[in-house]
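J.: Predicted model, plus sequence, below.
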Amino acid sequence: MKQISLVLITILTLTTVYGQNSFYDYTTKTLSGQDFKLSDLKGKKVMVVNTASKCGLTPQYKDLQALYEKYGNSDFVIIGFPANNFLSQEPGTNEEIAEFCEVNYGVTFPMMSKISVKGKDQDPIYKWLTEKELNGKLDSEVQWNFQKYFINEDGEFAGMLEPKEKPDSQKVIDWIEDKKPTVN
């Protein structure tokens, strides 16, 4: 009985110390300020991308939108998280970001409120994405705008791609089409 109690205390302690252990445990805000529960994405593959509107990689919005138009349905979704962590390349307000994305790239995939993807004010979702102790798979650092993280249908970490890797690369397509269980 003491062993079972010790195991339960350990599990509770780890949950308290390390927080959520599934992507689905988080809630964020959309660009318009509405709550967005990631648990609503259960059963879908998710690509999470930190975005910026004044970056050399900003044209990836076009590729992201094309990928979303081709595969975005009940099984796949892209979520954009604007961030101003790299050379102030996302200086706009949420309203300005929404207008930029719509006018310049016709973005229809979900865009979240501007956050920090690294540093002391790192958003909890990105803490989960970048820490193996939380995501169970990989420690990583967000290197630049348009780094891509992948979550499987069960809310588990499925991989990460560098910022310069195109959103519609064969690695991504193979993952979306169930040809590979992870992306890397």
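T.: Sure thing, it's come through. Residues are numbered from 1 along each chain as shown.

J.: rest of the way, CA atoms for contacts and neighbours
T.: OK.

J.: And the strands in this structure?
T.: 27-29, 35-37, 45-51, 76-82, 148-151, 157-161 (DSSP state E).

J.: can I get these in JSON lines with distance to residue 182?
T.: Below are these laid out as JSON lines (distance: least, CA to CA, whole Å):
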{"stretch": "strand 27-29", "distance to residue 182": "24"}
{"stretch": "strand 35-37", "distance to residue 182": "24"}
{"stretch": "strand 45-51", "distance to residue 182": "11"}
{"stretch": "strand 76-82", "distance to residue 182": "14"}
{"stretch": "strand 148-151", "distance to residue 182": "8"}
{"stretch": "strand 157-161", "distance to residue 182": "5"}
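
J.: got JSON lines for those strands, with mean neighbour count and mean pLDDT too?
T.: Formatted as JSON lines, those follow (neighbours: other CA atoms under 10 Å; pLDDT from 0 to 100):
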{"stretch": "strand 27-29", "mean neighbour count": "16", "mean pLDDT": "97"}
{"stretch": "strand 35-37", "mean neighbour count": "14", "mean pLDDT": "98"}
{"stretch": "strand 45-51", "mean neighbour count": "25", "mean pLDDT": "98"}
{"stretch": "strand 76-82", "mean neighbour count": "23", "mean pLDDT": "98"}
{"stretch": "strand 148-151", "mean neighbour count": "25", "mean pLDDT": "98"}
{"stretch": "strand 157-161", "mean neighbour count": "22", "mean pLDDT": "96"}
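
J.: Neighbours of residue 108, how many?
T.: 14 (other CA atoms under 10 Å).

J.: returning to that earlier point: between the strands of the chain, which gets nearest to residue 132?
T.: Closest to residue 132 of the strands of the chain, according to CA to CA: strand 157-161, at 9.5 Å.

J.: any idea how far the closest one is from the chain center?
T.: Put simply, strand 157-161 sits 10 Å off its chain's centre (CA atoms, centre = their mean, to the nearest Å).

J.: before we move on, what about stretch 155-163?
T.: On CA atoms, centre = their mean, the centre of stretch 155-163 falls 8 Å from the chain's centre.

J.: what bits of this protein have low per-residue confidence?
T.: Scanning the chain for pLDDT under 70 picks out 1-20.
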